[in-house]
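# can you look at this prediction? I've put the sequence above it.
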Amino acid sequence: MAPGFSKILIVGAGPAGQLLGLLLAKENIDVTILDQADKLDENPRATHYAPPAMRVLNFAGVGDKMREKGFAPGNVAWRKLDGTFIAGMDNESQKDSLERMIALPLDQLGRVLYDHSKKFLSIKYLFNHKVTSIGHNEKTAWVNVEITGSGKETRFEADYIVGCDGANSIIRRSLFGDWEFPGRTWDEQIVATNVYYPFEKFHYSDSNFIIDPVHWHMAAKITKDGMWRVTYGDLPGLTRDELIARQPEKFKTILPGHPDPSGYKLVNISPYKVHQRLAKSLRVGRFLLAADAAHLCNPFGGLGLTGGIVDVGGLYQCLKGIYTKVADESILDIYSDIRRKRYLEMVDTISSANLRRMFTVPPDEVLEKDNFLKLCKQSETDKELAQKMAEGAHALSYDFTQHYKTA
């Protein structure tokens, strides 16, 4: 074997890449993770892991640590700008479930996965390794890598190479081209902030979607110590500096109590555009894609994060099947087809509806016109319906072991 050979090579040491590496390492499948950064990403980014994601994370052995470090949201509400309650759902039916939703900033999950992976000898991390080009044939795949600061380039080979390297994935761009990522970019401008503010004082739920044609936003508690993620829409066409300069006045308008900057602690702020995009295939020969490298969606509802983790759980099942000789390579085409179908039928559809709901229908009319909110309102008193709605999230998952060969 070549010196840089692994059975599986993962590009990207974000939580998706780390989780896949950990799952494979638990099966004693040799895996190497490459990342161009010099350390794990410390950006908090996404936060909410729905039940299908928690099922995978529990299986990986990190669920207990997530529950220890994270926060279990109790309820979600849709409200008017003045805080008036429209409809909501609670997690009462899931309160004793190990698959109950957990909120934990993504960088903290990354550290949990990294620490847990140290228990396994078959996983290796290589930071400061930037992929510059790729190639593959019938027997192997490879990436050429520039090692930061060394002036050297080397080649790594593997049976399969998985792109878990995010929205700007070098693996996806190398396979399909820099601009070939089908889908759309939303016109709406998004600004994400982390802030300490006493929303509980104003009787807010753990997660709140504020419906308003101008000042629509989401406010969700994301840590045990009381930090909240407030993500709001603002005027399109402004520069980053202009958007940041508008934040104090925006908070004064949208936060309950209408505080001045002295009334809250702003931890960080990040304006960005959101996308709904899906790669043409999640498999090209010996190259595979998962999570943000494969698809993107807006953040309202956490389906991008949960969908990416479910991708990883499915891809693990497929690769395990190949290496234990109960599946052939055709299972990887099934992975691509199923995960793309789940994105188109669930992730894209539901996340797009979540975003549009906040600004397209007047708040006084939304309960009458929006079928989903009608169900939420009914579930407030119908516990059987509430249970069904909670369990419905598992439709995002798929059991690839059903395609294993049996004796």
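Noted; the coordinates are in hand.
# could you show me where the helices are in the chain, in order?
15-26, 51-60, 63-69, 106-117, 170-176, 240-245, 247-254, 303-323, 330-342, 348-357, 366-369, 371-379, 383-391 (DSSP state H).
# tell me the most buried of these?
Scoring those by mean neighbour count under mean count of other CB atoms under 10 Å gives helix 15-26 as the most buried, with a mean of 27. Heads up, the C-betas are built off the backbone N, CA and C, glycines and all.
# ok so, going back, closest one to Ile211 among the helices of the chain?
Among the helices of the chain, helix 366-369 comes nearest to Ile211, with 5.6 Å by CB to CB.
# pLDDT value on the spatially most central residue of the chain, please?
Centroid-nearest residue in the chain: Leu305, 1.3 Å away (criterion: CA atoms, centre = their mean). Looking at Leu305, its pLDDT is 94.
# what about it, distance to Leu296?
11 Å (CB to CB, to the nearest Å).
# same check on Met389?
25 Å.
# and for Ala353?
With CB to CB as the criterion, Ala353 and Leu296 are 16 Å apart.
# quick check: Arg240 touching Pro271?
Yes: with contact defined as CB atoms under 8 Å, Arg240 reaches Pro271; the gap is 5.3 Å.
# touching, His403 and Ala327? I think so.
Yes: at 6.3 Å, His403 counts as touching Ala327 under the criterion of CB under 8 Å.
# got any residues that touch both of those two?
Gly321 (CB atoms under 8 Å, 6 or more residues apart in numbering).
# more neighbours: those two, which one.
Between His403 and Ala327, counted using other CB atoms under 10 Å, Ala327 has the larger neighbour count: 21 against 18.
# how close does the closest residue to that one other than its chain neighbours get to Glu329?
Of all residues not flanking Ala327 in the chain, Gly321 sits nearest, at 3.0 Å (CB to CB, 6 or more residues apart in numbering). Here the criterion is CB to CB. By it, Gly321 lies 10 Å from Glu329.
# and the pLDDT for Ala407?
With respect to pLDDT, Ala407 has a value of 48.
# also Leu243?
97.
# mind starting the numbering at 27 from now?
That works, and once the first residue is 27, the last one we named lands at Leu269.
# I'd guessed it sits against Gly259; true?
No: counting by CB under 8 Å, Leu269 sits too far from Gly259 to count as a contact (10.8 Å).
# OK, contacts around the residue nearest to the centre of the chain?
Neighbours of Leu331 in contact, by CB under 8 Å, 6+ apart: Ala72, Thr73, His74, Tyr75, Ala79, Leu132.
# distance of Gly209 from Asn324?
Gly209 is 11 Å from Asn324, by CB to CB.
# mind listing the shared neighbours of these two?
Counting by CB under 8 Å, 6+ apart, the residues touching both Gly209 and Asn324 are His301, Gln302.
# so these two - more neighbours on which side?
Asn324 (21 against 14).
# look up phi and psi at that one.
With angles defined as degrees, to the nearest 10, Asn324 sits at phi -70, psi 160.
# now do it, the pLDDT please.
Reported pLDDT for Asn324: 94.
# same deal with Phe31?
Confidence score, pLDDT, at Phe31: 79.
# residues touching it, list them.
By CB under 8 Å, 6+ apart, the contact set of Phe31 is Phe182, Glu183, Ala184.
# what's the answer for Ile280, then?
Contacts of Ile280 by CB under 8 Å, 6+ apart are Leu107, Ile236, His241, His243, Val256, Tyr258.
# same deal with Thr432?
Taking CB under 8 Å, 6+ apart, we find Thr432 in contact with Val352.
# what about it, distance to Leu345?
Distance of Thr432 to Leu345, given as CB to CB: 19 Å.
# Asn294 now?
Distance from Asn294 to Leu345, by CB to CB: 36 Å.
# what segments of the stretch 177-326 of the chain are strands?
Counting by DSSP state E, counting those that start in this stretch, one finds strands in the stretch 177-326 of the chain at the ranges 178-189, 209-222, 233-237, 243-247, 253-260, 291-304, 309-310, 313-315, 321-322.
# where does pLDDT dip in the protein?
Within the chain, the segments meeting pLDDT under 70 span 27-30, 118-119, 433.
# so which of the strands of the stretch 177-326 of the chain gets nearest Leu60?
strand 178-189 (6.9 Å).
# buried sites along the closest one?
Phe182, Glu183, Ala184, Asp185, Tyr186, Ile187, Val188, Gly189 (16 or more other CB atoms under 10 Å).
# same deal with stretch 60-78?
60-62, 66-67, 70-78.
# could you do stretch 98-112 as well?
Buried, per 16+ other CB under 10 Å, within stretch 98-112: Pro99, Gly100, Val102, Ala103, Trp104, Arg105, Leu107, Gly109, Ile112.
# now, which of those residues lie within strands?
Val102, Ala103, Trp104, Arg105, Ile112 (DSSP state E).
# with adjacent residues omitted, what lies nearest to the first one?
For Val102, ignoring the flanking residues on the chain, the nearest one in space by CB to CB, 6+ apart is Ser233 at 4.1 Å.
# could I get the helices of the chain as a markdown table with distance to Lys33?
Shown next, in a markdown table, are the helices of the chain (distance: least, CB to CB, whole Å):
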| stretch | distance to Lys33 |
| --- | --- |
| helix 41-52 | 8 |
| helix 77-86 | 18 |
| helix 89-95 | 26 |
| helix 132-143 | 16 |
| helix 196-202 | 17 |
| helix 266-271 | 42 |
| helix 273-280 | 48 |
| helix 329-349 | 7 |
| helix 356-368 | 14 |
| helix 374-383 | 33 |
| helix 392-395 | 51 |
| helix 397-405 | 44 |
| helix 409-417 | 36 |
